[in-house]
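**Q** Next input, structure requested:
(one chain, ligands or ions: 2)
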Amino acid sequence: MSPDAASRTGTSLVLGIETSCDETAAALVAREASGKGRILSNVVRSQWEEHRAYGGVVPEIAARAHVECLDQIITEAMREAGAGFQDLSAVAATAGPGLNGGLVVGLVTGKAIALAHGLPFLAINHLEAHALTVGLTEGLAPPYLLLLVSGGHTQILFVEGVGRYRRLGTTIDDAIGEAFDKTAKLLGLGYPGGPAVERAALAGNPGRFDLPRPMLGRREAHFSFAGLKTALRHRAEAAAPLSEQTIADLCAAFEAAVSDQVADRVGRAMEMAEEGHPGRAPLRLVVAGGVAANRRLKATLEAVAAKRGYALHVPPPALCTDNGAMIAWAGAERLALGLTDPLDFSARPRWPLDPDAPPAIGAGVKA
Ligand code: KG4
Ligand code: ZN
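**A** Residues are numbered from 1 along each chain as shown. Ligands and ions are numbered 1, 2, ... in the order given. Sure, this is the predicted structure:
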């Protein structure tokens, strides 16, 4: 359907802009009045090259890289979709959580387009966008449990509806992807670390090194990865100089420890969801975030889901990692409910989806 025809049939066309971390992304998504979504374009430019030398994301470099390429990315997204700004129903941009400099770049750009073309503006919570992606990819509607596992976030949420989230678990220290990245850095495997650790682990023996499984059996569905990282460093130091086989064994042990913890914590969250909603547990587990690409973790989650009678839904990798389509889709869903935002909406580097969730005890808790 052409964008022009779309506006005649009650379909909304939303431009989504994502700049909260190290991906500059823009996309155009159509949402039919029935609630069915379709991606018209989805352009993502990763900044890995800019950050590789530092072994992690440098906020100043990220913000500058967004400034340099966002206009081009948006132009590409519009061209690929065959649309002009006059065809849009609204503009959505990530307002948080994330790195302030990058958020400001995306917000200012999104607001300028909305203002210049007289369009509604939507300030999107990045976590909400991850949470709602399965509506776009599979037409899956809440309620469901969401496990969000990325470089910046590790959360389990009970998604009750658009704008209604209950946080069941979060990390009390590092994010899960951060733990993969730090492990890779420690073992000299490069950045981003997740895929490198996974590749090395394939040739490893997970039983050679005994790593801790913190948080197992705890009442709340929280996570912790800092102790695991320290234990791994001690094992690596004791085994130095590291042979290729030892690195593989350490990676395999790390993946096994992480997977055991995630399995336990997700199981606990399922119990919590069932306690809060007797007789109407969601029985659907959605996984999002870059770490969802990890095969060992996915196999573990398949086993947990099967054991407890849950269906497992994992969006395709390109929509699990940060992208503009998820922002556009969250925007379209909010637009359908009339939830637009004013143009003076400020960036929110910390923006929990569930403001009522009690703080998780631990150092450096992430929103
Ligand atoms: O969702 P994402 O693309 O970006 C955000 O952090 O928001 O996630 C990136 C994270 C990185 O920490 C990366 O190392 C990790 O996902 N990752 C993986 C794998 N692929 C990416 N971790 C484990 N195994 C993988 N195959
Ligand atoms: Zn993300």
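
**Q** which residues touch whichever residue of the stretch 251-367 of the chain sits closest to ligand 2?
**A** Here the residue of the stretch 251-367 of the chain nearest ligand 2 is Asp322; by Cβ to the ion that distance is 4.4 Å. Yep, even glycine has a C-beta here, placed from its N, CA and C like the rest. Residues near Asp322 by Cβ atoms under 8 Å, 6 or more residues apart in numbering: 18, 20-21, 23, 25, 44, 126, 150, 290.

**Q** could you redo the last one with a cut-off of 7 Å?
**A** Contact criterion Cβ atoms under 7 Å, 6 or more residues apart in numbering gives 18, 21, 23, 25 as the residues in contact with Asp322.

**Q** ranges for the strands of this structure?
**A** 12-18, 23-31, 37-46, 90-96, 121-125, 144-149, 154-161, 164-170, 284-288, 311-313 (DSSP state E).

**Q** Let me have those strands in a markdown table, extended by mean neighbour count, distance to ligand 1 and mean pLDDT.
**A** Formatted as a markdown table, those follow (neighbours: other Cβ atoms under 10 Å; distance: least, Cβ to the nearest ligand atom, whole Å; pLDDT from 0 to 100):
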| stretch | mean neighbour count | distance to ligand 1 | mean pLDDT |
| --- | --- | --- | --- |
| strand 12-18 | 29 | 10 | 98 |
| strand 23-31 | 27 | 7 | 97 |
| strand 37-46 | 20 | 8 | 96 |
| strand 90-96 | 28 | 11 | 98 |
| strand 121-125 | 26 | 13 | 98 |
| strand 144-149 | 26 | 8 | 96 |
| strand 154-161 | 23 | 10 | 95 |
| strand 164-170 | 22 | 15 | 95 |
| strand 284-288 | 25 | 8 | 96 |
| strand 311-313 | 16 | 16 | 96 |
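
**Q** Make a markdown table out of those strands and add distance to ligand 2.
**A** Converted to a markdown table, those look like this (distance: least, Cβ to the ion, whole Å):
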| stretch | distance to ligand 2 |
| --- | --- |
| strand 12-18 | 8 |
| strand 23-31 | 8 |
| strand 37-46 | 12 |
| strand 90-96 | 9 |
| strand 121-125 | 11 |
| strand 144-149 | 8 |
| strand 154-161 | 11 |
| strand 164-170 | 14 |
| strand 284-288 | 8 |
| strand 311-313 | 17 |
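
**Q** can you tell me which of those strands comes nearest to Ala226?
**A** Proximity of the strands of the chain to Ala226 was assessed by Cβ to Cβ; the nearest stretch is strand 154-161, lying at 11.8 Å.

**Q** Now do the contacts for the residue lying closest to Arg235 once chain neighbours are set aside.
**A** Spatial nearest neighbour of Arg235, chain neighbours left out: Phe209 (5.0 Å); criterion: Cβ to Cβ, 6 or more residues apart in numbering. If a contact means Cβ under 7 Å, 6+ apart, then Phe209 has 235, 249-250, 253 as its contacts.
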